[in-house]
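Student: 3D model of this:
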Amino acid sequence: LLDACARAGLALELAHKDADALSAEELAARALPTHVGALLDDGVTRATRYVCALELARGDQRLVLDFADARAFERLEFRLVDALRRLGGAPPTRVAFASDVPRLSAAEAYEQYQQKSLFAPRGTDVYALARAALAAQGLEVVHVNPRAPVLPAAFDVLVWLQPRRAIDAMLAATVRTLVGGGKVVLAAQHFQLKPQQFRGRDFALGYWPEPQSPDLENLYFPELSLEPVREILFDRLTVPITTTAELTGRGAGRVFERQSAALPFQIRLSAAHFAPHAAMRGLSDQAFLWANRLNWDEARLAELGLKATVLATTSEQCWSYAWSGGWVPDELLAGPAASAGYLGRQPLAALFEGTFPRPTKPLTLNPSVAEAPSVEEAPWPTSAPGKLLWLGCSQFLTNERLIDDEFRGDQLLWNAVATLAFEPELAELATRTRARPGFGVVERSETLAWRAGVVGGPVVVLVGVALLVAAWRARRSPRFGRVVAA
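Tutor: I've put the predicted structure just below:
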């Protein structure tokens, strides 16, 4: 680091500080973050308080880089460059982060609570870790309430996770951002599949799609021909997960049971199907649970001056079901209907670039609002080229899934934000990661062939070596080639 800074003409001095030698007052004065780690030692849990930080200073300015865990070191080079850039006077990268809390569907709220004269509960902040993951990399993250959005005066990227009805206010703010040349990361899906067992079905396991009601397929985006298809999507590439199944009919109360399954609507987004794009650089497979595919009309986009780039797709063996009620048919869990067949590779992530037009229709589904006399609205921003990175899944960014070390949804979120927020050279540095390569669909016959080769290969080699040794010994035997006289 010192050599690199010297070549760049920067005078950098390193000073080592032992945190153990600093008093509590000195730690507080330096504003160094402290963390608590737990270690299980011979059945005893031992808690240790530690400090792991890098303090950078230039004149009267100082900046502290916190390294709370191993993940904090993954982008060390970028964090150092970004810190030096900020010490040089550059403003911090600001992200406006909009996310709502999960809520029950109207049918669930009525059946489970309102009929019992109870209020339906609201969910917790399931995207708190996603927000914290961006802040841990040195970004200034400002939370936005999508019910009453107030965007910061200046920001680099707007992230909107899982829109939920009613989206009027947040959609208006998002459209204004796009029209004015802003950058938006949008992640949404239509359903969350819930396993249920009922007495009337002999407690056979069924899967009910809980609507998430993003409403993106109804407002503004149809004018651009963009559509998150409201279907249940299936794929041969699956992710095994453990979910909670509800058992109804055993007693008066609600009973829940943990069950593990690898079902085709739990889609594994394979790295083999990623586009060679900066937003997908260095990523491993992603767990796109209950995702929906994206659809658009290339001719319509070209007419509007917009360009679409597919970033990630399903495998070739995917199929869908236009759900309108009830459980998912069991036969669709095995494969597509004979008359339908596979859909081929379908986009699950895409980047749309260009000058987004102003909406020609009201940004609301409420007829009374749409038909009311128009009130004076704020002036629209001057049109400029904007970017929209659309992900057909939001579940992979929830707290429960984000901590999964196998799929690392936080890296996909970081890549999406970094690609839109930074200049190409800095974005390339920010997205340098090491990931395991993924595989596409592997046919069963090919799997069996590889297994047979792995298991039987060494045996064949040993047998071949034994035969060669036996032949060599036979040639050296005195009886080899003896001629008997008549």
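
Student: got the contact list for the closest residue to residue 209 other than its chain neighbours?
Tutor: Nearest residue to residue 209 in three dimensions, chain neighbours excluded: residue 191, at 3.9 Å (C-beta to C-beta, 6 or more residues apart in numbering). For every residue, glycine as well, the C-beta is placed using N, CA and C. When contacts are counted by C-beta atoms under 8 Å, 6 or more residues apart in numbering, residue 191 is found next to 209-212, 232, 290, 292, 323.

Student: cool, residue 322 as well?
Tutor: 230-231.

Student: For the most centrally placed residue in the chain, give its distance to residue 204.
Tutor: The C-alpha lying nearest the average C-alpha coordinate of the chain belongs to residue 409 (C-alpha atoms, centre = their mean; 3.8 Å). Computed as C-beta to C-beta, to the nearest Å, the residue 409 to residue 204 distance reads 32 Å.

Student: what do you get for residue 175?
Tutor: On the measure of C-beta to C-beta, residue 175 and residue 204 end up 45 Å apart.

Student: more neighbours, these two?
Tutor: In terms of neighbours (other C-beta atoms under 10 Å), residue 175 is the more surrounded of residue 175 and residue 204; the figures are 21 against 11.

Student: In a helix, the more buried one, correct?
Tutor: Yes. According to DSSP: H, G, I helix; E, B strand; the rest coil, the state of residue 175 is that of a helix.

Student: That one and residue 224, how far apart?
Tutor: Following C-beta to C-beta, the distance that separates residue 175 from residue 224 is 10 Å.

Student: which residues do these two both contact?
Tutor: Counting by C-beta under 8 Å, 6+ apart, the contacts common to residue 175 and residue 224 are residue 356.

Student: got the residue ranges for the helices in the stretch 51-200 of the chain?
Tutor: Secondary structure of the stretch 51-200 of the chain, counting by DSSP state H, counting those that start in this stretch: helices at 76-87, 106-112, 128-135, 168-179.

Student: now the stretch 351-486 of the chain
Tutor: Taking DSSP H, counting those that start in this stretch as the criterion, the stretch 351-486 of the chain carries its helices at 367-371, 399-402, 409-421, 424-430, 444-476.

Student: export the ones you listed to CSV and tack on mean pLDDT and distance to residue 333?
Tutor: Supplementary listing: the helices of the stretch 351-486 of the chain in CSV, determined by pLDDT from 0 to 100; distance: least, C-beta to C-beta, whole Å:
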stretch, mean pLDDT, distance to residue 333
helix 367-371, 58, 39
helix 399-402, 90, 22
helix 409-421, 96, 25
helix 424-430, 93, 40
helix 444-476, 74, 17
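
Student: Return the residues in contact with the residue nearest to the centre of the chain.
Tutor: Residues in contact with residue 409, defined by C-beta under 8 Å, 6+ apart, are 130, 286-287, 396-397, 401-402.

Student: How about residue 66?
Tutor: Residue 66 touches 33, 52-53, 72, 136, counting by C-beta under 8 Å, 6+ apart.

Student: Find me the pLDDT at it, would you?
Tutor: According to the prediction, residue 66 has pLDDT 90.

Student: I'd like the distance between it and residue 59.
Tutor: Noted for residue 66: a distance of 22 Å to residue 59, by C-beta to C-beta.

Student: Kindly report the same for residue 190.
Tutor: Plainly put, residue 190 is 53 Å away from residue 59 if you go by C-beta to C-beta.

Student: So for these two, which sits in the more crowded spot?
Tutor: residue 190 (24 against 6).

Student: Would you agree the more buried one is in contact with residue 211?
Tutor: Yes. Taking C-beta atoms under 8 Å as the contact criterion, residue 190 and residue 211 are neighbours in contact, 6.8 Å apart.

Student: List the residues that contact the residue nearest to residue 433 when sequence neighbours are not counted.
Tutor: If you skip the residues right next to it in sequence, residue 433 has residue 282 as its closest partner in space, 3.9 Å away by C-beta to C-beta, 6+ apart. By C-beta under 8 Å, 6+ apart, residue 282 lies in contact with 411, 415, 431-435.

Student: And residue 35, by the same measure?
Tutor: For residue 35, the contacting residues are 49-52, 68, taking C-beta under 8 Å, 6+ apart as the criterion.

Student: what do you get if the cut-off is 7 Å, keeping everything else the same?
Tutor: Residue 35 sits next to 50, 68 when contact means C-beta atoms under 7 Å, 6 or more residues apart in numbering.

Student: Quick check: pLDDT value at it.
Tutor: The predicted local distance difference test score for residue 35 is 83.

Student: What's the separation between it and residue 288?
Tutor: Relative to residue 288, residue 35 is positioned 32 Å away (C-beta to C-beta).

Student: Roughly how far does residue 311 sit from residue 280?
Tutor: Counting by C-beta to C-beta - residue 311 and residue 280 are separated by 6 Å.

Student: Comparing these two, which shows the higher neighbour count?
Tutor: Of the pair residue 311 and residue 280, residue 311 is the one with more neighbours under other C-beta under 10 Å, namely 25 against 22.

Student: The more buried one against residue 352, yeah?
Tutor: No. Under the criterion of C-beta atoms under 7 Å, residue 311 makes no contact with residue 352, lying 10.6 Å away.

Student: on that earlier part again, touching both of residue 311 and residue 280, which residues are there?
Tutor: With contacts taken as C-beta under 7 Å, 6+ apart, the residues that reach both residue 311 and residue 280 are residue 274.

Student: what residue ranges in the stretch 201-350 of the chain score low on pLDDT?
Tutor: Along the stretch 201-350 of the chain, segments meeting pLDDT under 70 span 201-203, 248-254.

Student: Helices along that one, start to end?
Tutor: Using DSSP H, counting those that start in this stretch, helices in the stretch 201-350 of the chain cover 298-304.

Student: For it, just list every one of the strands.
Tutor: In order along the chain, the stretch 201-350 of the chain carries the following strands (DSSP state E, counting those that start in this stretch): 205-211, 227-228, 232-235, 241-248, 255-261, 266-269, 286-289, 294-295, 306-313, 318-321, 347-354.

Student: Of all those, which one is nearest residue 473?
Tutor: Each of these was scored for nearness to residue 473 using C-beta to C-beta, and the closest is strand 266-269 (52.6 Å).

Student: Spatially, what comes nearest to residue 306 if we skip its sequence neighbours?
Tutor: When the adjacent residues along the chain are set aside, residue 306 lies closest to residue 354, with 3.8 Å between them (C-beta to C-beta, 6+ apart).
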